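A.B. asks: Coordinates only, no sequence provided:
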């Protein structure tokens, strides 16, 4: 086999290998933005001449409730903020104290600043804790509870108000019963879940408020949503379909080149043999 044939064979082997490892590296380095949850509808439309589907994600409704300072507040006042929500009640002596302590640690770590992936700026992160016992948890009681834990009211609301509104919000808007590891009692919302809401008021994650690994993921997801340009996952630096076509064309061209080289070699050999015979 001559040098040209060897070069063609090397190209046939090396180009797909190099391309494969480049694709793998690009895929591994692509940032995985937190998923959306709770789709509302699917819209069918034509894009680039083909039928495509777009999901309209559930946008949680607004609310008007009262915080620990006695102020009436609403979710839609928090434009441009990420929101972490949970449920508690002040007389709880089981999981609530641990959940609220973990929420407090998160609030304090965000307030310290630092790396956006681990401690985002507290000015764009809002904490909201709904009381599931609003008849008992008055404003004064919530204020005393907040002071006991050292909660900063600037970006953490402890909320009370109409019981039906709070419970309907849990089941109809956040749908905590669908993503909790244990059944949620519709008569008493006692869940350990933290719910992450993005700047567009879409649900982007459910996390176990008692699990450190889950809370670490929550912190990282907040950082990713802060850095995200839009709601779509970071696109790979190539079109997979086009790359597959490129591989196929490269392979075909390489095979053709090899065949032409060998055909030319065989033709030259036959010509030389004919000349020798004639002589």
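C.D. replies: Now that the structure is in, tell me what you want to look at. Note that the structure is predicted; figures quoted are calculated from it, not measured.

A.B. asks: Not counting residues beside it along the chain, what's closest to residue 64?
C.D. replies: residue 74 (5.0 Å; CB to CB, 6 or more residues apart in numbering). In this view, the C-beta of every residue, glycine as well, is placed from N, C-alpha and C.

A.B. asks: Give me the phi and psi angles of the one you found.
C.D. replies: Dihedral pair for residue 74: phi -140, psi 150, per degrees, to the nearest 10.

A.B. asks: Measure how buried residue 226 is and give me the count.
C.D. replies: Other residues near residue 226 come to 16 when the count uses other CB atoms under 10 Å.

A.B. asks: List the buried residues in the helix or strand that contains residue 224.
C.D. replies: Assigned by DSSP states H and E, residue 224 belongs to helix 212-227. Residues 214-215, 217-219, 221-226 are the ones in helix 212-227 that count as buried (16 or more other CB atoms under 10 Å).

A.B. asks: Can you classify residue 199 by secondary structure?
C.D. replies: coil (DSSP: H, G, I helix; E, B strand; the rest coil).

A.B. asks: For it, which non-adjacent residue is closest in space?
C.D. replies: What sits nearest to residue 199 in space, not counting adjacent residues and going by CB to CB, 6+ apart, is residue 80, at 5.6 Å.

A.B. asks: residues near the one you found, how many?
C.D. replies: There are 7 residues near residue 80, going by other CB under 10 Å.

A.B. asks: With residue 197 instead?
C.D. replies: Residues near residue 197, counting by other CB under 10 Å: 24.

A.B. asks: so it bridges to which residues?
C.D. replies: Following DSSP bridges, residue 197 is listed with bridge partners residue 83, residue 203.

A.B. asks: so how far is residue 161 from residue 139?
C.D. replies: 10 Å (CB to CB, to the nearest Å).

A.B. asks: ok, now residue 212?
C.D. replies: For residue 212, the distance to residue 161 (CB to CB) stands at 32 Å.

A.B. asks: got it, and residue 63?
C.D. replies: Using CB to CB, we find residue 63 at a distance of 8 Å from residue 161.

A.B. asks: again, but for residue 188
C.D. replies: 17 Å.

A.B. asks: And the two? Which one has more around it.
C.D. replies: The neighbour count for residue 188 versus residue 161, taken as other CB under 10 Å, is higher for residue 161 (19 against 12).
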